[in-house]
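Asker: Fold the following.
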Amino acid sequence: MLPDADDLPELLLDLAVPHEDIDVLVARRSRITGDPGVLRLLRECVEELFHDPAEPGRAPGLAGLLDAAPAELSQVFPVYVFVAAVPRTLARHRERGIPPEVSRRTLADLGRHMALHRSRHGTTGVSVRGWLVRHFRGELFQLGRLQFERARLGERTAPVLAAAGLTAAPGTPCLSLHIPDHHGPLTPSACDRSLAWARDFFPLHFPEERPVAALCHSWLLDRQLRRYLPADSNIVRFQDRFRTVREDTEPADTEPVRFVFGDPGLPVAELPRRTSVERAVGDHLRAGGHWYIGHGWFPFPG
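Answerer: Residues are numbered from 1 along each chain as shown. Predicted coordinates:
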């Protein structure tokens, strides 16, 4: 299930795992392979990860299985699960004709999230276990600046799109658009290139799905940001691409704090004011305001 100790570092480097984490993972490999119960759990996790792979948007919940790992492995065990899944992930990519560079950049999100985990906790591990399942199942792809996830319209979203003239019922294929952090500015030109890539990519590699729209659910779509940012800012111009699906009423204040400052638990009074986005997020919270997840869409491939 796992590469041997000599080959494991090369695969970890391909996955963009931080260098300071590689020796830790190689050293603890024997804790996995030397315990029949842990090795059996690893196999069960990989099998569950690929359960029903033909149904996008229904990623399995691995939390229960991952929580069964020994306590001393709790932070690193998911990493070994994703590493063990790589051969099957790449095989599925090859079946679809997905270029190796897309596979490499997509799966490198594991290393990015391990770097985030280390910056916040100072240890080897990964915090977003459920999120990365999408990458390794072949449901999410990094195409330039943006990530695109194969998905299906839900009960609340489909009527909104149908009212706008699209043929859209619940279960209709769509794409969920994600904006990874630490990936350069969210410039209009970078987004244009990603979208042009996606318009070619999905009809070629998933011709049977034909998504009707791209949807985004993010604090970056909170319209309150327009109070603080100029009209020609990257974020406002990104918002301009979308029509509104719905507006949340439940605050999500930790989301911008986590993405902008790296730690959702930072005291609001101490948030830095170095950039326009930092000032917007912090000043709004210090004034007693709240941030909300925005929900937007635009026709795809239009």
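Asker: And for Val106, nearest residue in space, chain neighbours not counted?
Answerer: One correction, residue 106 is Thr, not Val. Gln142 (4.5 Å; C-beta to C-beta, 6 or more residues apart in numbering). In short, each C-beta sits where N, CA and C put it, glycine included.
Asker: How about the backbone phi and psi for that neighbour?
Answerer: phi -90, psi 120 (degrees, to the nearest 10).
Asker: any idea where the strands of the stretch 1-150 of the chain begin and end?
Answerer: For the stretch 1-150 of the chain, the strands defined by DSSP state E, counting those that start in this stretch cover 140-143, 146-152.
Asker: returning to what we had before: residue contacts, the residue nearest to Thr106?
Answerer: Taking C-beta atoms under 8 Å, 6 or more residues apart in numbering, we find Gln142 in contact with Val102, Arg105, Thr106, Ala108, Asp109, Pro180.
Asker: what's the spacing between it and Leu107?
Answerer: 9 Å (C-beta to C-beta, to the nearest Å).
Asker: cool, and Pro100?
Answerer: Pro100 is 11 Å from Leu107, by C-beta to C-beta.
Asker: Tell me which of those two has more neighbours.
Answerer: Leu107 (24 against 10; other C-beta atoms under 10 Å).
Asker: May I have the residues that are in contact with that one?
Answerer: Going by C-beta under 8 Å, 6+ apart, the list of residues near Leu107 reads Asp14, Leu15, Val86, Thr89, His135, Phe136.
Asker: which intervals of this structure have sub-threshold pLDDT?
Answerer: 53-59 (pLDDT under 70).
Asker: In it, which residue is most central in space?
Answerer: Trp131 (5.6 Å; C-alpha atoms, centre = their mean).
Asker: quick one, helices of the stretch 1-150 of the chain?
Answerer: 8-14, 19-33, 36-49, 63-66, 77-95, 100-107, 109-121, 129-137 (DSSP state H, counting those that start in this stretch).
Asker: looking at the ones you listed, which is closest to Gly165?
Answerer: With C-beta to C-beta as the criterion, Gly165 lies closest to helix 129-137 of those, at 29.6 Å.
Asker: Pull the number of nearby residues for the closest residue to Val102 other than its chain neighbours.
Answerer: Spatial nearest neighbour of Val102, excluding adjacent residues (C-beta to C-beta, 6+ apart): Phe141 at 5.9 Å. Using other C-beta under 10 Å, Phe141 is surrounded by 25 other residues.
Asker: Spit out the contact partners of Phe141.
Answerer: With the criterion set at C-beta under 8 Å, 6+ apart, Phe141 makes contact with Ile98, Val102, Thr106, Gln147, Phe148, Glu149, Phe201.
Asker: got TSV for these, with distance to Ala252 and neighbour count too?
Answerer: TSV is the format used below for those (distance: C-beta to C-beta, whole Å; neighbours: other C-beta atoms under 10 Å):
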residue	distance to Ala252	neighbour count
Ile98	33	19
Val102	31	17
Thr106	26	22
Gln147	20	23
Phe148	22	25
Glu149	19	19
Phe201	30	17
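Asker: and which of those residues is nearest Asp52?
Answerer: Closest to Asp52 out of these is Glu149 (16.1 Å), distances taken as C-beta to C-beta.
Asker: quick one: Arg129 and Leu65 touch, right?
Answerer: No - contact criterion C-beta atoms under 8 Å: Arg129 and Leu65 do not qualify, at 10.2 Å.
Asker: ok, Pro299 - contacts?
Answerer: Counted by C-beta under 8 Å, 6+ apart, Pro299 has contacts Leu166, Val212, Ala213.
Asker: Most neighbours among those, please name it.
Answerer: Going by other C-beta under 10 Å, Ala213 tops the contacts of Pro299 with 26 neighbours.
Asker: Give me the phi and psi for that one.
Answerer: With angles defined as degrees, to the nearest 10, Ala213 sits at phi -160, psi 160.
Asker: Ser194: how many residues sit nearby?
Answerer: 20.
Asker: ok, now how distant is it from Pro87?
Answerer: 28 Å.
Asker: picking that back up, distance to His19 added to the contacts of Phe141, as a markdown table?
Answerer: What follows is the contacts of Phe141, written out as a markdown table (distance: C-beta to C-beta, whole Å):
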| residue | distance to His19 |
| --- | --- |
| Ile98 | 27 |
| Val102 | 24 |
| Thr106 | 21 |
| Gln147 | 24 |
| Phe148 | 29 |
| Glu149 | 29 |
| Phe201 | 31 |
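Asker: tell me which of those is nearest to Ile22?
Answerer: Thr106 (20.2 Å).
Asker: so the closest one sits right up against Leu140, yeah?
Answerer: Yes - here Thr106 reaches Leu140: they are 6.8 Å apart, a contact under C-beta under 8 Å.
Asker: Now list whatever residues contact both of these two.
Answerer: Gln147.
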